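**Student:** need coordinates for the below:
(one chain, ligands or ions: 2)
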Amino acid sequence: MTAIILDCDPGHDDAIALMLALGSHEVELLGVTTVCGNQTLDKTTANAIRVLDHLGRDDVPVAAGAPRPLVREPHVQARVHGETGLDGPDLPPPAREPVPEHAIDWIAGTLSAQPRPVTLVPTGPLTNVALFLARYPELESKVGRIVLMGGAIGEGNTTPAAEFNIWADPEAAHRVFTSGLDVTMAGLDVTHKALMREQHVERLARAGRAGRLVADLYRFYSQHHRRKYGWDGSPVHDACAVAHVIDDSLLQTVRCGVKVDTGPEPSRGRTYVDRWGSTGWEPNCGVAVDIDSERFLELLVERIGGLG
Ligand code: BDR
Ligand code: CA
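**Tutor:** Ligands and ions are numbered 1, 2, ... in the order given. Here you go, the predicted structure:
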């Protein structure tokens, strides 16, 4: 079983990633840390707790982290995730507060107490992870690997060049990609290949409370993808990163040199992936280049459905 910390900004797909982790025996979710991204930090933190409340999981700690990116101004994604960050379902306000520590201090304490290395799964801007690496370099050896959702080899989704999580805090992403740690990137190249569709949602809606929440999330979230791309379904970006930790045969990865553009627009936040070794850049990342979409979506339905 792999011990993980989910560092997220829920966010519809973050919420589904969280449910996938909770429903999967291959991972032990030590806790959830939150970051400003899809919405403000207070909203993403409340949303993480609201999802856990819904599933009766008040045993999972939630720690709030960075209220803004390292350098750039915050830009939330209300267009995609709504004003609450989790528009669609009718979830009550959170029944508890996050733990009183900052996320990076909570991560440090948790890693120190673990006998084995922990996998960090960031599914939002990388601000918390960069701050953690800067503040606690002595704990790097406790990080088994970092499996993140972010970036793209091809086109972006926030600008033509950049994917949201990297674009939102490029300096933090640069810090993570140059950390020397074992980093895997699940970017748009794979997440856009695995669309959740009505057929999956119908099965989930019949499966129980967690599945019904996914259905309510999907109804709102899929509107964006229909409007923008004309798709009859939605990517579930963040769940791809969790799925890779659960079963590493779902994503095909290639080790490549990756650099983050921290310069000005229009290329700010782009991930340059030297897939074919054109530059001589040292490989620093396992980059996901393909996904077994059907098996991934079956995993989602089975595991989240299994939560009841
Ligand atoms: C990423 O941006 C957010 O909208 C999603 O939660 C996901 O983490 C996709 O670009
Ligand atoms: Ca996210």
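**Student:** and the residue of the stretch 151-300 of the chain nearest ligand 1?
**Tutor:** The minimum distance from the stretch 151-300 of the chain to ligand 1, using CB to the nearest ligand atom, falls at Phe164 (3.7 Å). No exception for glycine: its C-beta is placed from N, CA and C like everyone else's.
**Student:** would you agree that residue is in contact with Gly151?
**Tutor:** No: the pair Phe164 / Gly151 is not scored as a contact, 9.9 Å apart, by CB atoms under 8 Å.
**Student:** between those two, which has more neighbouring residues?
**Tutor:** Neighbours were counted for Phe164 and for Gly151 using other CB atoms under 10 Å; Gly151 has more, 29 against 24.
**Student:** my guess is that one contacts Thr191, does it?
**Tutor:** No: Gly151 is beyond contact range of Thr191, at 10.3 Å (criterion: CB under 8 Å).
**Student:** do the top helix by length along the chain and ligand 1 meet?
**Tutor:** In the chain, taking DSSP state H as the definition, the longest helix is helix 209-229. No: under the criterion of CB under 6 Å from any ligand atom, ligand 1 is not reached by helix 209-229; the shortest gap measures 9.1 Å.
**Student:** stretch 21-41 now?
**Tutor:** Yes: between stretch 21-41 and ligand 1, judged by CB under 6 Å from any ligand atom, the touching residues are Asn38.
**Student:** that stretch: end-to-end distance?
**Tutor:** 22 Å (CA to CA, to the nearest Å).
**Student:** ditto for stretch 70-81
**Tutor:** From its first residue to its last, stretch 70-81 covers 22 Å (CA to CA).
**Student:** hang on, the earlier thing: now the next helix or strand after the longest helix of the chain: mean pLDDT?
**Tutor:** Next helix or strand after helix 209-229 toward the C-terminus (DSSP states H and E): strand 234-235. For strand 234-235, mean pLDDT rounds to 98.
**Student:** tell me the strands beside the longest strand along the chain, with direction?
**Tutor:** If you go by DSSP state E, the chain has its longest strand at strand 251-260. Applying DSSP bridges, strand 251-260 is found paired with strand 271-274 (antiparallel), strand 285-291 (antiparallel).
**Student:** any chance of CSV for those, columns mean pLDDT and distance to Thr158?
**Tutor:** As requested, the strands paired with strand 251-260 are exported to CSV (pLDDT from 0 to 100; distance: least, CB to CB, whole Å):
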stretch, mean pLDDT, distance to Thr158
strand 271-274, 98, 12
strand 285-291, 98, 19
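**Student:** save those as a markdown table, and put in distance to His200 and mean neighbour count too.
**Tutor:** Formatted as a markdown table, these follow (distance: least, CB to CB, whole Å; neighbours: other CB atoms under 10 Å):
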| stretch | distance to His200 | mean neighbour count |
| --- | --- | --- |
| strand 271-274 | 28 | 21 |
| strand 285-291 | 15 | 22 |
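**Student:** got those strands as TSV, with distance to Pro67 columns?
**Tutor:** Shown next, in TSV, are the strands paired with strand 251-260 (distance: least, CB to CB, whole Å):
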stretch	distance to Pro67
strand 271-274	25
strand 285-291	28
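**Student:** wasn't Thr110 part of a strand?
**Tutor:** No: secondary structure of Thr110 (DSSP: H, G, I helix; E, B strand; the rest coil): helix, not part of a strand.
**Student:** redo the strands paired with strand 251-260 as CSV? Include distance to ligand 2.
**Tutor:** Below are those laid out as CSV (distance: least, CB to the ion, whole Å):
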stretch, distance to ligand 2
strand 271-274, 16
strand 285-291, 16
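**Student:** tell me how far stretch 137-156 lies from the chain's centre.
**Tutor:** Mean-position distance between stretch 137-156 and its chain equals 11 Å (CA atoms, centre = their mean, to the nearest Å).
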